[in-house]
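S.K.: have a look; sequence and predicted model below, questions after that.
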Amino acid sequence: MVTYKQAGVDIDKGNLFVKRIKKIAPVIGGFSGLYPLDKKHYLSASSDGVGTKLKLAFLLNKHNTVGVDLVAMNVNDVICCGAKPLFFLDYFACSKLDLKVAEQIIKGINEGCCQADCILLGGETAEMPGFYHEGEYDLAGFTVGLVEKNKVIDGRKIKPGDLIIGLPSSGLHSNGFSLVRKIFSKKELIKYGEELLTPTKIYVKEILSAIRRQPSAISGIVNITGGGFYDNIPRILPKNCQAVIDKKSWQVPEIFRIIQDKGKIPEKEMFRIFNMGVGMVIIVDKFTLNRFGSGLISSRVHKLLKNSVIIGKIVSGKQEVKLI
């Protein structure tokens with residue numbers, strides 16, 4: 001059995017670090033930070049990177065997708081409060097600049113910005129000889145969005161009876177790759193490389209469209225990144241609410257089963273590390289949704305969020321996630 005901690009990533013220690021940060025800077029919280037711009041608006045900001053998924057890009061010498069991942073990891077956090085991403089900045093650091101590789105990366109970043117309907121405003125390129133291994137680089141990004149103060153989605157309106165909606169992921173997105181690299185041999189990484197490098201899905205346009213169509217129906221949005229279901233969903237739950245998720249309500253992509261079987265990873269560990277095929281979770285008020293057309297509740301959900309599926313519900317109970 002291989003755990004994430006054995007692969008070098010300690011989620012519990014990371015969560016403890018966040019608690020310590022909050023003691024230093026109490027305004028930190030949520031999937032993105034909120035700054036009061038004026039009487040009516042907040043700026044929403046997020047910063048993130050691609051992580052060790054980059055190691056796979058180095059191995060396959062394929063650099064045109066990780067730029068999309070970089071944008072996605074930021075804009076998918078900003079959208080969780082209902083904000084529209086406005087612009088994006090990148091930081092690209094390497095030992096020695098390879099123009100062909102750098103151009104592929106920037107093209108990917110620009111593509112991600114197009115998918116998120118935001119502008120690539122600028123960035124920084126740093127050559128740092130002796131700091132990075134030859135042929136390797138690191139990526140980080142920063143995005144800013146805008147949301148009206150009276151339209152912020154922060155989970156406060158979540159209540160028992162609400163439905164939990166899952167939006168499909170495009171694969172592993174950009175989490176869990178330290179474990180994947182621990183489990184798979186170099187040959188296996190190459191075998192599954194194209195699938196593993198599938199860029200993170202960007203949900204901005206479809207979620208903003210749903211908010212515009214039914215602004216009062218959506219009470220919470222969760223980006224399923226590091227920490228999976230168990231650590232991310234409770235971040236928006238009120239103290240008296242528990243999220244109950246039916247694991248059988250969607251089909252988990254085969255790649256996750258391959259990883260689980262090869263590493264002999266317990267199911268709970270899988271759902272704490274990976275998105276398991278659900279990249280974004282939306283909490284909706286089913287009574288408000290009743291006014292969104294006729295037909296079965298599942299069909300109304302599908303009208304609001306295409307390709308989505310009802311994966312659970314909110315019940316009274318401890319502020320946590322329960323998978324059944």
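M.R.: Thanks, I have it. Numbering: from 1, shown residues only.
S.K.: buried ones in stretch 120-140?
M.R.: For stretch 120-140, the neighbour count (16 or more other C-beta atoms under 10 Å) marks 120, 123, 132, 137-140 as buried. In short, each C-beta sits where N, CA and C put it, glycine included.
S.K.: repeat that for stretch 223-238.
M.R.: 223-237.
S.K.: closest to residue 170 among those?
M.R.: residue 224 (12.2 Å; C-beta to C-beta).
S.K.: distance-wise, check that closest one relative to residue 174.
M.R.: Note on residue 224: its distance to residue 174, by C-beta to C-beta, to the nearest Å, is 11 Å.
S.K.: ok, the closest residue to residue 102 other than its chain neighbours - contacts?
M.R.: Using C-beta to C-beta, 6 or more residues apart in numbering and skipping the chain neighbours, the partner closest in space to residue 102 is residue 92 (6.7 Å). By C-beta atoms under 8 Å, 6 or more residues apart in numbering, the contact set of residue 92 is 102, 105-106, 123-126, 137-139.
S.K.: inside helices: which ones of those?
M.R.: Among the contacts of residue 92, DSSP state H puts 102, 105-106 in helices.
S.K.: okay, now the domains of this protein?
M.R.: 31-151, 163-323 (automatic domain parsing).
S.K.: and which of the contacts of residue 92 is nearest residue 317?
M.R.: Using C-beta to C-beta, those come closest to residue 317 at residue 139, 40.0 Å.
S.K.: re earlier: list the beta-bridge partners for the residue nearest to residue 102.
M.R.: residue 125, residue 139 (DSSP bridges).
S.K.: ok, residues contacting stretch 259-270?
M.R.: 1-4, 176, 179-180, 182-184, 188, 228, 230, 256, 273-274, 276, 323.
S.K.: would you list the buried entries among those residues?
M.R.: The neighbour count (16+ other C-beta under 10 Å) marks 3-4, 176, 179-180, 183-184, 228, 230, 256, 273-274, 276, 323 as buried among the contacts of stretch 259-270.
S.K.: nearest to residue 209 among the buried residues of stretch 120-140?
M.R.: The closest of the buried residues of stretch 120-140 to residue 209 turns out to be residue 120 (C-beta to C-beta; 22.4 Å).
S.K.: which residues touch the nearest residue to residue 128 once chain neighbours are set aside?
M.R.: Using C-beta to C-beta, 6+ apart and skipping residues adjacent in sequence, the residue nearest residue 128 is residue 93, 5.8 Å away. Contact partners of residue 93, counting by C-beta under 8 Å, 6+ apart, are 125-128, 131-132, 137-139.
S.K.: rewinding a little: now the domains of the chain in JSON lines, please, with extra columns for distance to residue 12 and mean pLDDT.
M.R.: Below are the domains of the chain laid out as JSON lines (distance: least, C-beta to C-beta, whole Å; pLDDT from 0 to 100):
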{"stretch": "domain 31-151", "distance to residue 12": "18", "mean pLDDT": "96"}
{"stretch": "domain 163-323", "distance to residue 12": "9", "mean pLDDT": "92"}
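S.K.: out of these, nearest to residue 13?
M.R.: domain 163-323 (12.3 Å).
S.K.: start and end of that closest one, how far apart?
M.R.: Domain 163-323 has an end-to-end distance of 14 Å (C-alpha to C-alpha, to the nearest Å).
S.K.: would you mind writing the CA trace of the helix or strand containing residue 255 as PDB?
M.R.: Per DSSP states H and E: residue 255 is located in helix 254-263. Output in PDB follows, covering the C-alpha atoms of helix 254-263 (Å, rounded to 0.1, in the frame of the first residue of the first chain):
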ATOM      1  CA  GLU A 254     -10.600   4.000 -15.400                       C
ATOM      2  CA  ILE A 255      -7.300   5.800 -14.800                       C
ATOM      3  CA  PHE A 256      -8.200   6.300 -11.200                       C
ATOM      4  CA  ARG A 257      -8.900   2.600 -10.800                       C
ATOM      5  CA  ILE A 258      -5.600   1.700 -12.400                       C
ATOM      6  CA  ILE A 259      -3.700   4.000 -10.000                       C
ATOM      7  CA  GLN A 260      -5.700   2.600  -7.000                       C
ATOM      8  CA  ASP A 261      -5.000  -1.000  -7.900                       C
ATOM      9  CA  LYS A 262      -1.300  -0.500  -8.800                       C
ATOM     10  CA  GLY A 263      -0.700   1.300  -5.500                       C
END
